[in-house]
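Undergrad: predicted structure and sequence below. I'll ask about it afterward.
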Amino acid sequence: MINILYKPLSTLKWVDRELLKPNDYNPNKVSTENLKLLSQSIMTNGWTLPIVVRPDYTIIDGFHRWIVAGEEPLKTRLAGKVPVVIVEHKDESENIYGTVTHNRARGTHLLEPMKAIVKRLLDSGKSLEEISKQLGMKPEEIFRLSDFTKEDFLKLMIKKGIYSRAEYITKY
């Protein structure tokens, strides 16, 4: 008999994305920018987290991974497939608990560790463009997390061609 903790992973398989359907209670929302970041993460790291589904292929966790898998370039690169694990719960409340706890358990990023990460990447010579793309950050966010002065950061951005000089615009 398979231990209940191992059972979902024993069901891991790649299935047609079209077989899956979203649940009707997911409280988690993701911005368009973070969906792009999720897609970038999958393109960079590969698919690291399977979508958690009920036996009828209703999604318990992984709705946003399912969404980006239906868009290019992932749709073509994955040949319309997504990885799933099947979880069998006794009743619907356990499905809801699964959705919410998966979402809440992922946590949030703390300021000081993120500052250290940005500093480490900049110190290693990574460009603002690369950090921006890989971490889904705007240059302004990188500046807030860096130890650069405003002037030094603006020089770096102009030197790298990220921003042009400001223009005075009047409102009509």
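TA: Perfect, thanks for sending it. Numbers count the residues shown, from 1 in each chain.
Undergrad: tell me the secondary structure of the spatially most central residue of the chain, please.
TA: In the chain, the C-alpha nearest the mean C-alpha coordinate belongs to residue 38, at 3.0 Å (Cα atoms, centre = their mean). Three-state call for residue 38 (DSSP: H, G, I helix; E, B strand; the rest coil): helix.
Undergrad: same check, this time on the one 5 residues further on
TA: Using three-state DSSP, the structure places residue 43 in helix.
Undergrad: what's the burial count for it?
TA: Counted by other Cβ atoms under 10 Å, the residues lying close to residue 43 total 13. All C-beta atoms are positioned from the backbone trio N, CA, C, and that covers glycine.
Undergrad: likewise for residue 12?
TA: Neighbours of residue 12 under the rule other Cβ under 10 Å: 11.
Undergrad: then residue 27?
TA: With other Cβ under 10 Å as criterion, residue 27 counts 9.
Undergrad: so it makes contact with residue 103?
TA: Yes. If you go by Cβ atoms under 8 Å, residue 27 and residue 103 touch, sitting 7.4 Å apart.
Undergrad: helix or strand right after the strand ranked longest in the chain?
TA: Longest strand in the chain by number of residues, with DSSP state E as the criterion: strand 81-86. For strand 81-86, the following helix or strand on the C-terminal side (DSSP states H and E) is helix 92-105.
Undergrad: helices or strands next to that following helix in the packing?
TA: In terms of contacts (3 or more Cβ pairs under 8 Å, 6 or more residues apart in numbering; DSSP states H and E), helix 92-105 is packed against strand 59-61.
Undergrad: how about the strand it packs on: buried residues?
TA: 59-61 (16 or more other Cβ atoms under 10 Å).
Undergrad: give the buried residues for stretch 142-155.
TA: Applying 16+ other Cβ under 10 Å to stretch 142-155 flags 142-143, 145-146, 148, 153-154 as buried.
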